[in-house]
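*Asks:* How does the following fold in three dimensions:
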Amino acid sequence: MADTADTRTPAQIEADIERRRAVLAETLDEIGVRVHPRTIMGDAKAKVAANVDHTLGRAYVGINRVVSDVKAKFVDADGSPRLERVVPVAVLVVGVVGLLALGTRRRRG
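*Replies:* Model (predicted):
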């Protein structure tokens with residue numbers, strides 16, 4: 001069995017007690033800060049902001065990829081439009097807009 005006799009002086013014991021009190025006070029202060037409603041709200045806001053930033057970043061990358069893919073279908077590498085693809089899409093858009101305009105005109109009349 002180990003010897004349990006304390007060989008410290010009373011002054012050493014008091015100094016140890018004071019150090020432990022200081023550490024305990026610091027720990028309690030830290031716990032108080034961590035459980036304070038403002039701290040909890042701040043942490044929650046930071047997590048939400050980080051998630052939103054991450055989600056928006058991923059969405060931006062995805063949208064940018066789609067736009068680049070669509071652009072590659074309608075524009076050559078040198079930047080000139082691919083008329084064999086642009087013209088049919090333009091005709092389709094004009095036709096749809098025309099039909100929508102005609103439909104609203106008939107409802108009014």
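*Asks:* The protein - how does it break down into domains?
*Replies:* Structural domains assigned to the chain are 8-74, 78-109, following automatic domain parsing.
*Asks:* Take those and write them to CSV, including mean pLDDT and mean neighbour count.
*Replies:* C-betas here are computed from N, CA, C, even on glycine. Below are the domains of the chain laid out as CSV (pLDDT from 0 to 100; neighbours: other Cβ atoms under 10 Å):
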stretch, mean pLDDT, mean neighbour count
domain 8-74, 93, 10
domain 78-109, 88, 9
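*Asks:* State the helix or strand in which the closest residue to residue 8 other than its chain neighbours lies.
*Replies:* Nearest residue to residue 8, sequence neighbours excluded (Cβ to Cβ, 6 or more residues apart in numbering): residue 16, at 7.3 Å. Element membership of residue 16 [criterion: DSSP states H and E] is helix 10-35.
*Asks:* what are the ranges of the strands in the protein?
*Replies:* Shown for the chain, no strands are assigned by DSSP state E.
*Asks:* which helix is the longest one in it?
*Replies:* Scanning the chain for the helix with the most residues, using DSSP state H, yields helix 37-74.
*Asks:* Give me the angle between it and helix 10-35.
*Replies:* Compare the direction of helix 37-74 with that of helix 10-35 by axes from the mean of the first three to the mean of the last three Cα atoms, to 10 degrees and you get 50 degrees.
*Asks:* which helices and strands does helix 37-74 pack with?
*Replies:* helix 83-108 (3 or more Cβ pairs under 8 Å, 6 or more residues apart in numbering; DSSP states H and E).
*Asks:* gap between the helix it packs on and the chain center?
*Replies:* 40 Å (Cα atoms, centre = their mean, to the nearest Å).
*Asks:* swap in stretch 6-23?
*Replies:* That offset, for stretch 6-23, works out to 49 Å (Cα atoms, centre = their mean).
*Asks:* can I get the CA coordinates of that stretch in PDB?
*Replies:* Coordinates of the C-alpha atoms in stretch 6-23 are reproduced here as PDB (Å, rounded to 0.1, in the frame of the first residue of the first chain):
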ATOM      1  CA  ASP A   6       1.200  14.300   3.500                       C
ATOM      2  CA  THR A   7       4.700  15.800   3.700                       C
ATOM      3  CA  ARG A   8       3.600  19.300   2.600                       C
ATOM      4  CA  THR A   9       3.800  22.200   5.000                       C
ATOM      5  CA  PRO A  10       0.700  24.100   6.000                       C
ATOM      6  CA  ALA A  11       1.800  27.000   3.700                       C
ATOM      7  CA  GLN A  12       2.200  24.700   0.800                       C
ATOM      8  CA  ILE A  13      -1.300  23.200   1.500                       C
ATOM      9  CA  GLU A  14      -2.800  26.700   1.700                       C
ATOM     10  CA  ALA A  15      -1.100  27.700  -1.600                       C
ATOM     11  CA  ASP A  16      -2.400  24.500  -3.300                       C
ATOM     12  CA  ILE A  17      -5.900  25.300  -2.000                       C
ATOM     13  CA  GLU A  18      -5.700  28.900  -3.400                       C
ATOM     14  CA  ARG A  19      -4.500  27.600  -6.800                       C
ATOM     15  CA  ARG A  20      -7.400  25.100  -6.900                       C
ATOM     16  CA  ARG A  21      -9.900  27.800  -5.900                       C
ATOM     17  CA  ALA A  22      -8.500  30.000  -8.700                       C
ATOM     18  CA  VAL A  23      -8.800  27.200 -11.200                       C
END
